[in-house]
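K.L.:
this one's sequence-less:
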């Protein structure tokens, strides 16, 4: 397993540690969780840079890297929903968008086409990760609502953009 893939696996292994720290509810636990979340998020940036610079792009990395991102973000958002800091409908929008875009990508691959990550998808991921960090630092109702709104808006926009830019992938005439 190459260095980039090891970093992806590290990100996945940090997810349960991140959640355990949140659930232990000791003084400063959200600060420790923040450090773990940032460390896990940074592995995404580093493993991608390593893979591209060294030509280490693998099928494992193509599959596991985005999956690890989704798992990390969903774990954090699930915790925020459970503790009442984020509405479940917001998480549902994120989950539906992820399934829809993944489905679109599968159809595209079946037709011999690869749909690369769009700029709006990168903005969505970055704003979601930054938003989660903000929510781990500060627990204020209006700020939680603002972060949730940003996550939902960037998620919806990027999901719509994927489908608009790739509308030819799906044969809508058979619907």
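P.N.:
Happy to help now that I have it. Keep in mind that what you see is a predicted model, and the values were worked out from it rather than measured.

K.L.:
Now the residue nearest the centre of the chain. Nearest residue, chain neighbours left out?
P.N.:
With the centre of the chain defined as its mean C-alpha position, the nearest residue by Cα atoms, centre = their mean is residue 70, 3.6 Å away. Taking Cβ to Cβ, 6 or more residues apart in numbering as the measure, residue 70 lies nearest to residue 98, with 5.7 Å between them; neighbours along the chain are not counted. For the C-beta atoms, the positions are set from N, CA and C on the backbone; glycine is no exception.

K.L.:
helices or strands next to the helix or strand hosting the one you found in the packing?
P.N.:
Counting by DSSP states H and E, the secondary-structure element that holds residue 98 is helix 88-110. Contacting helix 88-110 under the criterion 3 or more Cβ pairs under 8 Å, 6 or more residues apart in numbering; DSSP states H and E are the following elements: helix 59-82, helix 141-165.

K.L.:
Those: lowest mean pLDDT?
P.N.:
Lowest mean pLDDT within the helices and strands packed on helix 88-110: helix 59-82, a mean of 89.

K.L.:
which parts of it are buried?
P.N.:
61, 64-66, 68-69, 72-73, 75-77, 79-81 (16 or more other Cβ atoms under 10 Å).

K.L.:
do the same with stretch 153-164
P.N.:
Per 16+ other Cβ under 10 Å, stretch 153-164 contains these buried residues: 154-155, 158-159, 161-162.

K.L.:
Give me the contacts around it.
P.N.:
Stretch 153-164 is contacted by residues 93-94, 97, 100-101, 104, 115, 118, 120-121, 123-124, 127-128 when judged by Cβ atoms under 8 Å, 6 or more residues apart in numbering.

K.L.:
Of those residues, grab the buried ones for ChimeraX.
P.N.:
ChimeraX command restricting the contacts of stretch 153-164 to the buried ones, with burial defined by 16+ other Cβ under 10 Å:
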select :93,94,97,101,104,115,120,121,124,127,128
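
K.L.:
residues contacting residue 95?
P.N.:
Contacts of residue 95 (Cβ under 8 Å, 6+ apart): residue 74.

K.L.:
Kindly apply the preceding question to residue 77 instead.
P.N.:
With contacts defined as Cβ under 8 Å, 6+ apart, the neighbours of residue 77 are 86, 90-91, 94, 132, 151.
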